[in-house]
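> quick one, what's the 3D model for this:
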Amino acid sequence: MTFIRDLDELSDTFQAGALTIGNFDGVHLGHAALVKELVSAAQAAAGPAVVFTFDPHPVTVLRPELAPVPLAWMERKVELLGQLGVDLVVAYPTDKQFLELSPEAFFEKVVRGRLNTRTMVEGANFCFGHDRQGTIDTLRDHCDSAQIGLQVVESVSLVGDIISSSRIRKLVQAGELTLARQLLSRPYRIQGIVERGAARGAAIGFPTANLAAIPNLVPGFGVYAGRTHWQGRDWPAAIHVGSNPTFEENEVKFEVHLIGFEGDLYGQTLEVDIMERIRGVETFDSKELLQEQLRHDVQQVAQLQAK
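The predicted structure follows:
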């Protein structure tokens, strides 16, 4: 799978294939259904399966105060799309000039131009061009005129509603990671760099890696069961998101206790799968009561991992 940001970097190998355009935030089950059709269309066209996405999200440029915090950082998005069979991901640098292109100009630049697309696959609610003026019907007209195929894929529903990035974002914010995992088809994952903290966890027998510079959405406050990935190895993890009221600290932190790990992780980049919320953030009357609860948390995480 190839990843580029500039269409001038495109080789002839990736022309004359199947194309889909979108944000693909989180790469959830609905996205997977669309990509499945994209890969089939590419095979039928004897060409590559191409995803054209945006970096940053267009709303970040147009209305930054309304920009959603992403569910996945770009490299993770590319990795997941590659696992689904995509041959090329183009993460086009989004700026106002690009977003001001009319639907016609957008179609000529992205669909016909350098990519020389043979067929397209899109969702029924697809919009494109300045102020999202182009609809799926507009796209169909352009594709018909250019003799480019178009397949429209319906939204996927699960647990009573359509799967969407915004729906998953609300679940993550509410700490409902079990349902989020169903809609994603895998655990929700964050990435962060380990920074030095107050070392209180180590002092009471439960050292934690404090993650900073997290590029995607952090779950709501609580204690979670999860798994940490680092240098090709995995560790069960007890995760605390929120402040530390027992020590009268108001700063919100993302702390990970890697069960069974010994060593120094400062400055390292960790990826953490967040499986299930096991309790809320609590205040304890003594260090001993906190230690007792942490022992119970670790035991509960280990039991969940064993399932």
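
> who's in contact with the residue nearest to Gly242 when sequence neighbours are not counted?
Once flanking residues are discounted, Gly242 sits nearest to Phe221: 3.6 Å by CB to CB, 6 or more residues apart in numbering. All C-beta spots, glycine's among them, are computed from the backbone N, C-alpha and C. Phe221 makes contacts with 175, 241-243, 252, 280-281, as judged by CB atoms under 8 Å, 6 or more residues apart in numbering.

> separation between Trp230 and Arg186?
18 Å (CB to CB, to the nearest Å).

> of these two, who's got more company?
Trp230 (18 against 14; other CB atoms under 10 Å).

> give me the pLDDT value at the more buried one.
Here, the pLDDT recorded for Trp230 equals 96.

> I'd guessed it sits against Glu271; true?
Yes. The criterion here is CB atoms under 8 Å, and Trp230 meets it with Glu271 at 7.5 Å.

> which other helices and strands contact whatever helix or strand Leu150 lives in?
Using DSSP states H and E, Leu150 maps to strand 149-153. On a contact count with 3 or more CB pairs under 8 Å, 6 or more residues apart in numbering; DSSP states H and E, strand 149-153 meets helix 29-45, strand 119-123, helix 136-146.

> residues of stretch 2-14 that come out buried?
Residues of stretch 2-14 classed as buried by neighbour count (16 or more other CB atoms under 10 Å): 2-3, 10, 14.

> for Ile193, give me its contacts.
Counting by CB under 8 Å, 6+ apart, Ile193 has contacts 211-213, 267-270.

> for this structure, which helix is longest?
For the chain, the longest helix by residue count, based on DSSP state H, is helix 287-306.

> give me the three-state assignment for Gly267.
What DSSP: H, G, I helix; E, B strand; the rest coil gives for Gly267 is coil.

> repeat for the one 3 residues further on
Using three-state DSSP, the structure places Leu270 in strand.

> got the contact list for it?
191-194, 209, 211, 228-230, 256 are the contacts of Leu270 under CB under 8 Å, 6+ apart.

> which is the next helix or strand following the lowest-mean-pLDDT helix or strand in the chain?
The weakest-scoring helix or strand in the chain, judged by mean pLDDT, DSSP states H and E, is helix 200-203 (a mean of 68). The helix or strand immediately downstream of helix 200-203 is strand 209-212, counting by DSSP H and E.

> report the secondary structure element holding the residue nearest to Pro68 when sequence neighbours are not counted.
Counting by CB to CB, 6+ apart, the nearest residue to Pro68 once its immediate chain neighbours are dropped is Arg169, at 6.2 Å. Taking DSSP H and E as the criterion, Arg169 maps to helix 165-173.

> for that helix, buried residues please.
Residues of helix 165-173 classed as buried: 165, 167-169, 171-172 (neighbour count, 16+ other CB under 10 Å).

> same check, this time on stretch 290-301
By neighbour count on 16+ other CB under 10 Å, the buried set for stretch 290-301 is 290, 294, 297-298, 300-301.

> next one: stretch 72-88
Buried residues in stretch 72-88 (16+ other CB under 10 Å): 72-74, 76-78, 80-82, 84-88.

> and for stretch 213-232?
Applying 16+ other CB under 10 Å to stretch 213-232 flags 216-220, 222-228, 230 as buried.

> and the furthest pair within the contacts of Leu270?
The distance between the two most remote of the contacts of Leu270 (CB to CB) is 14.2 Å, for Ile193 and His229.

> what's around the nearest residue to Gln133 once chain neighbours are set aside, how many residues?
With CB to CB, 6+ apart as the criterion, Gln133 has its nearest non-adjacent residue at 5.5 Å, and that residue is Pro103. As a burial measure, Pro103 scores 20 neighbours (other CB under 10 Å).

> how near is Pro103 to Gln231?
Pro103 sits 47 Å away from Gln231, going by CB to CB.

> pull the residues that contact stretch 79-90.
With contacts defined as CB under 8 Å, 6+ apart, stretch 79-90 is touched by 1-5, 7, 10, 14, 17, 24, 27, 32, 35-36, 38-39, 42, 48-53, 72, 77-78.

> out of those residues, list just those in strands.
Under the assignment DSSP state E, the contacts of stretch 79-90 contribute 2-4, 49-53 to strands.

> of all the contacts of Leu270, which comes closest to Glu122?
Nearest to Glu122 out of those is Gln191 (CB to CB; 29.3 Å).

> please name the bridge partners of that closest one.
When bridges are called by DSSP bridges, Gln191 pairs up with Glu271.

> next up, the contacts around it.
Contact partners of Gln191, counting by CB under 8 Å, 6+ apart, are 73, 76, 214-216, 269-272.

> pLDDT and distance to His142 added to the ones in strands among the contacts of stretch 79-90, as a markdown table?
Below are those laid out as a markdown table (pLDDT from 0 to 100; distance: CB to CB, whole Å):
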| residue | pLDDT | distance to His142 |
| --- | --- | --- |
| Thr2 | 96 | 26 |
| Phe3 | 97 | 27 |
| Ile4 | 97 | 24 |
| Ala49 | 98 | 21 |
| Val50 | 98 | 17 |
| Val51 | 98 | 19 |
| Phe52 | 98 | 15 |
| Thr53 | 98 | 20 |
